[in-house]
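Participant: Would you be able to build a 3D model of this:
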Amino acid sequence: MFLLKQRLDITGYKDILFLRWRNLRTGDILLRMPPQGRGGSQTQTLKPLQLPGDFVAAYRRRLIMDAAAELIAELGYNGTRLADITRRAGIPQDMLYEYFGDKEDVCLAVFEETVDDAIRRVEVAVSEPGEWAERIEAGLAAFLAHIAEQPALARVCLIEVPLATPAATKHYEDALQRCVQLARRTLPHDAQLPDTIQESLVGGMMWIVYQQVRRREAEQIEALLPELSEFILAPYIGAGVIDRAGCKADR
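Facilitator: Below you'll find the model as predicted:
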């Protein structure tokens, strides 16, 4: 089963990574005590393991979101039904409504969490010491690695969400603006370049990435790193902001 593979920060349970627990039920988690030997010994009865409510809620949300991500990547947004999601998650359909309003709500939760994780990875990469061009390439590498690691999520976010519903389209556009803002904070400024240079670079890069994901070749997307790095750096080399080695040019 495809998983979002993220740690849940739950008070008292931080750093618990959910793996393939698709068929697990909270009520089925039992604390099993080993039986004692013969000679007056007795077997300890099985006792239910009580879990905190926030732990259970986070786990159930994760089941639902994982199932939705899998199915939307496989069948498309319009081809996925709530009944399919709950069946894949292994939960009653009425339980889904305890955590999400409808299919769109689940899809947007998956999208926002994925975007947050991707931007966080890029921000960490570009904050590392090094020449400006090296940090840009590190950020691109982190972004492409995120896609390669989770191709189904990439398909949900780049192929399905933009056209799923008007609300989903707005979420996608807002995510692009977050990427543009990150580019403005990271890329150098130069009067010779147009004010819209960051929008142009982000838009062009996302189009190249979109085409790769649409062809279901997300696992090989890291091979695009040299091409995308050159695409991002070229305007700054041409304007003399950096030299061919990626260092800031003397001007």
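
Participant: Only C-alpha atoms from now on, for both contacts and neighbour counts.
Facilitator: OK.

Participant: which stretches of the stretch 101-250 of the chain have low pLDDT?
Facilitator: 239-250 (pLDDT under 70).

Participant: quick one: Arg62 from Glu131, how far?
Facilitator: Arg62 sits 39 Å away from Glu131, going by CA to CA, to the nearest Å.

Participant: So which of those two has more stuff around it?
Facilitator: Set Arg62 next to Glu131 and count neighbours by other CA atoms under 10 Å: Arg62 wins out with 21 against 12.

Participant: quick check, that one in a strand?
Facilitator: No - looking at Arg62 with DSSP: H, G, I helix; E, B strand; the rest coil, it is helix, so not inside a strand.

Participant: For it, give its distance to Pro162.
Facilitator: Distance from Arg62 to Pro162, by CA to CA: 23 Å.

Participant: Isn't Gln212 up against Ala223?
Facilitator: No - Gln212 lies out of contact with Ala223 (CA atoms under 8 Å); the separation is 10.7 Å.

Participant: dump the residue contacts of the residue most central in space within the chain.
Facilitator: For the chain, the residue nearest the mean C-alpha position is Thr114 (2.5 Å; CA atoms, centre = their mean). By CA atoms under 8 Å, 6 or more residues apart in numbering, the contact list for Thr114 reads Leu153, Cys157.

Participant: I'd like to know how far it sits from Gly130.
Facilitator: Taken as CA to CA, the span from Thr114 to Gly130 is 27 Å.

Participant: and what of Lys103?
Facilitator: 44 Å.

Participant: Between the two, which is the more surrounded one?
Facilitator: Neighbours were counted for Lys103 and for Gly130 using other CA under 10 Å; Lys103 has more, 19 against 12.

Participant: Need phi/psi at the closest residue to that one other than its chain neighbours.
Facilitator: Excluding the flanking residues, the one nearest Lys103 by CA to CA, 6 or more residues apart in numbering is Leu82, at 6.1 Å. For Leu82, the backbone dihedrals are phi -60, psi -40 (criterion: degrees, to the nearest 10).

Participant: Check the contact between Leu82 and Asp105; I expect there is one.
Facilitator: No - if you go by CA under 8 Å, Leu82 and Asp105 don't touch, sitting 11.1 Å apart.

Participant: in the helix or strand harbouring Ala125, what counts as buried?
Facilitator: Using DSSP states H and E, the element containing Ala125 is helix 103-126. For helix 103-126, the neighbour count (16 or more other CA atoms under 10 Å) marks 103-104, 106-108, 110-111, 114-115, 118-119, 121-123, 125-126 as buried.

Participant: so after that helix, what's the next helix or strand?
Facilitator: That would be, after helix 103-126 and using DSSP H and E, helix 132-149.

Participant: what's the angle from that following helix to helix 103-126?
Facilitator: Helix 132-149 and helix 103-126 are oriented at 150 degrees to each other (axes from the mean of the first three to the mean of the last three CA atoms, to 10 degrees).
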